[in-house]
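Novice: need a 3D model of the sequence below.
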Amino acid sequence: MTAIALPLLLAGCALPSVIKPAVQAPPPPPPMPRVTPVEVEPTAPATRLLPPSADSPSPSATVLAYADRIRPLGGNELGNEIARLGDPADSPVGQMQLAIALAQTRNPPDLVRALSLMQRVIGNPAAEAQSLQPLARALAQRYVEQRRVEEDRDRQAQQVREAQRRIDQLNDRMEALRAIERSFGRPSNTIRATP
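Specialist: Residues are numbered from 1 along each chain as shown. Here you go, the predicted structure:
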């Protein structure tokens, strides 16, 4: 029994030398440097969207209401409205209202002027103009398309007039040929010899 215990005892004495020392905990991380909060940069006034107040409609709503109001106007009434608006040099809302009225005349020079007014609003850096620019871009695109359609219509009308002129010329020639043919078909007043 001592023979078995002796190796165990010797193993027990050697055991502490075999066992590794306990792992020490790593040193605590150094403290984080203090970060001072940075204030958020304010939004530029031109890009800040403010909700419309309850008592004043937005410029876009004003323009749309105006477009709806003048839609039924025609002829003289529309001409009077264009004269009333005059030349709104610095007012984006006035420029858009005049453009809408001009586009409604269906007159090619007025449509060109309406498109020019919309381009002025699109290029205007003022805050009032910037709130109108999405609507101005949409209307400008519509006016470009309207101009293209009207030019196509005018070109087709010109082709129809030219075709009608040719038809009239051909009808005149055919009638002249028929007159010549009728003149040959008449019996002649020549004397017939008797056999």
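
Novice: going forward, measure contacts and count neighbours with C-alpha atoms only.
Specialist: Fine.

Novice: quick check: longest helix of this protein.
Specialist: Ranked by residue count and defined by DSSP state H, the top helix of the chain is helix 127-185.

Novice: just checking, what packs against that helix?
Specialist: Other elements packing on helix 127-185 under the criterion 3 or more CA pairs under 8 Å, 6 or more residues apart in numbering; DSSP states H and E are helix 59-70, helix 92-103, helix 108-123.

Novice: where in this protein is pLDDT low?
Specialist: The model of the chain has pLDDT under 70 over residues 1-56, 186-195.

Novice: at 80 instead, please
Specialist: Along the chain, the model assigns pLDDT under 80 to residues 1-57, 74, 87-90, 185-195.

Novice: ok, residue 58 - how many residues close by?
Specialist: Residue 58: 17 surrounding residues under other CA atoms under 10 Å.

Novice: same check, this time on residue 136
Specialist: 25.

Novice: surely it meets residue 117?
Specialist: No: under the criterion of CA atoms under 8 Å, residue 136 is not in contact with residue 117, lying 9.2 Å apart.

Novice: and for the two, which residues touch both?
Specialist: residue 96 (CA atoms under 8 Å, 6 or more residues apart in numbering).

Novice: quick revisit: so which of the helices and strands packed on helix 127-185 is nearest residue 170?
Specialist: Nearest to residue 170 among the helices and strands packed on helix 127-185 is helix 108-123; the distance by CA to CA comes to 33.6 Å.

Novice: by contact count, what packs against that closest one?
Specialist: Helix 108-123 packs on helix 92-103, helix 127-185, going by 3+ CA pairs under 8 Å, 6+ apart.

Novice: just the C-alphas of that helix, formatted as PDB.
Specialist: Taking C-alpha atoms only, helix 108-123 is exported to PDB below (Å, rounded to 0.1, in the frame of the first residue of the first chain):
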ATOM      1  CA  PRO A 108     -47.600  79.800 -80.300                       C
ATOM      2  CA  PRO A 109     -45.900  83.100 -79.400                       C
ATOM      3  CA  ASP A 110     -47.800  83.200 -76.100                       C
ATOM      4  CA  LEU A 111     -46.800  79.600 -75.300                       C
ATOM      5  CA  VAL A 112     -43.100  80.500 -76.000                       C
ATOM      6  CA  ARG A 113     -43.400  83.400 -73.600                       C
ATOM      7  CA  ALA A 114     -45.100  81.200 -71.000                       C
ATOM      8  CA  LEU A 115     -42.200  78.700 -71.200                       C
ATOM      9  CA  SER A 116     -39.800  81.500 -70.800                       C
ATOM     10  CA  LEU A 117     -41.500  82.700 -67.600                       C
ATOM     11  CA  MET A 118     -41.500  79.200 -66.200                       C
ATOM     12  CA  GLN A 119     -37.700  79.000 -66.900                       C
ATOM     13  CA  ARG A 120     -37.300  82.300 -65.000                       C
ATOM     14  CA  VAL A 121     -39.000  80.800 -61.900                       C
ATOM     15  CA  ILE A 122     -36.900  77.600 -62.200                       C
ATOM     16  CA  GLY A 123     -33.700  79.600 -62.200                       C
END
